[in-house]
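Student: Here is a sequence with its predicted model. Questions after.
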Amino acid sequence: MIQIRLPQPDGTLKQHRMLAAPVAPRGPARPFNRTVYAAAHVVVDPGANPDPWDGPLAVDWDRTLAFRDHLYGLGFRVAEAMDTAQRGMGVDWPVARELIRRSLRHARSVPGAQLACGVGTDQLAPGAQVTLNDVVAAYREQLEVVEAEGGNAILMASRALASCAHDADDYLAVYGRLLHDASKPVVLHWLGAMFDPQLAGYWGSTDPAVAIDTVVALIASNPTKVEGIKISLLDPVWEVALRRRLPPGVKMYTGDDFNYAELMAGDASGFSHGLLGIFDAIAPVAAVALDALAAGESQRYHDVLGPTVALSREIFRAPTRHYKAGVVLLAWLNGHQSHFSMAAGLQSARGALHYARVFELADACGALADPTLAAHRMGQLMSVLAGVES
């Protein structure tokens, strides 16, 4: 039995006895009956910059692309250069541009690989001087990079647009121009303020019901240019409300890392597809569950995926924008990278108690692929962060 000492909120140490029962596919997976993207993280080169808070980011391209191969091999599409890749939180546009180009070129060498890339305005700093035309130009610059490589675009929510738009009509005008320009249907992206406070009031209102009206009007005016929309409000009520109003052929992609299991299972009125950061962290477990769903084994789907929700809720708890730290922790514990370092040093955004809880919950749902390796690395981390000696 594998055991590890973990700090607890009351100041004590808990001797955690690991379940050590990893969940992973045992053979070739059947095609999913949902369209499912895993939003993928970036692996940094921790030895390249002595001042990660201030200096330029160095990416470990081999490890970064190898992780995408891991996701493709499990049947996932990749959502590239998204929030999970620390866009606007350590990864700037020049790095994201290189990531997009490398990832799209790499995907062409992987049979069956499919991905879509985040298109935003992060090269444009929000401010009083920013105009709607500036926002459109910034979006177009990034869209051109993706389309020049033959890629599909996800139109990410824009801090600059949120700062300069006055009402819903401004959002409709900007997105209308972008959809007109796009050569292929795009996925829209609605990221809630819990993920990024600068996006509060997106679509021109802080009332989700009013904002949904704006989104529905935008899609209705551009039905052939919208492949789907990802919504990340961490409230299933609003996702289902919008899902029921989408025109035929337009997909709802859940970005709800609190309620994804029930939303993808669906109800009598329909179901959501998936575009989720948590699937970076739990890809093998999710692949088993999605295989069961495709086979019509709904109870097995819930039995496998349901236990991951507690883990995801801990990783994505407030302040939600720091969820990337838990994602990268699990990539390290599972052997996908040799270190626990992040762009801008953001592994420091969470502390030992959070990481200990993530470890326990990952063990409970089978998300630790090699329990012996995970326990060894977690012991090292607890020694450094909390002075816990094994």
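Tutor: It's in.
Student: Quick one, grab the pLDDT at residue 239.
Tutor: At residue 239 the predicted local confidence, pLDDT, stands at 98.
Student: cool, and residue 298?
Tutor: For residue 298, the predicted pLDDT is 97.
Student: With adjacent residues omitted, what lies nearest to it?
Tutor: Here the nearest residue to residue 298 in space, its sequence neighbours aside, is residue 265; by C-beta to C-beta, 6 or more residues apart in numbering that works out to 6.6 Å. Bear in mind the C-beta positions are built from the backbone N, C-alpha and C, glycine included.
Student: For that neighbour, give its distance to residue 120.
Tutor: Relative to residue 120, residue 265 is positioned 31 Å away (C-beta to C-beta, to the nearest Å).
Student: So residue 196 sits against residue 158, correct?
Tutor: No: under the contact definition of C-beta atoms under 8 Å, residue 196 does not touch residue 158, with a separation of 10.3 Å.
Student: Just the helices from the stretch 1-150 of the chain, written as ranges.
Tutor: Taking DSSP state H, counting those that start in this stretch to define them, one finds helices in the stretch 1-150 of the chain at 61-73, 93-107, 132-148.
Student: and those helices as CSV, adding mean neighbour count and distance to residue 203?
Tutor: CSV is the format used below for those (neighbours: other C-beta atoms under 10 Å; distance: least, C-beta to C-beta, whole Å):
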stretch, mean neighbour count, distance to residue 203
helix 61-73, 18, 30
helix 93-107, 19, 23
helix 132-148, 18, 14
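Student: Pick out whichever of residue 196 and residue 158 has more residues nearby.
Tutor: residue 158 (28 against 20; other C-beta atoms under 10 Å).
Student: can you list residues touching both of residue 196 and residue 158?
Tutor: The overlap between the contact sets of residue 196 and residue 158 (C-beta atoms under 8 Å, 6 or more residues apart in numbering) is empty.
Student: Check the spacing between the most centrally placed residue in the chain and residue 217 real quick.
Tutor: The residue at the geometric middle of the chain, judged as the C-alpha nearest the mean C-alpha position with C-alpha atoms, centre = their mean, is residue 277 (2.4 Å). Plainly put, residue 277 is 28 Å away from residue 217 if you go by C-beta to C-beta.
Student: And for residue 116?
Tutor: Going from residue 116 to residue 217 by C-beta to C-beta gives 24 Å.
Student: With residue 5 instead?
Tutor: Using C-beta to C-beta, which is the criterion applied here, residue 5 is 56 Å from residue 217.
Student: Show me which of those two is the more surrounded one.
Tutor: Taking other C-beta under 10 Å, residue 5 and residue 217 do not tie; residue 5 has more neighbours (17 against 14).
Student: Quickly list what the residue lying closest to that one once chain neighbours are set aside is bridged to.
Tutor: Using C-beta to C-beta, 6+ apart and skipping residues adjacent in sequence, the residue nearest residue 5 is residue 13, 4.9 Å away. Counting by DSSP bridges, residue 13 is bridged to residue 7.
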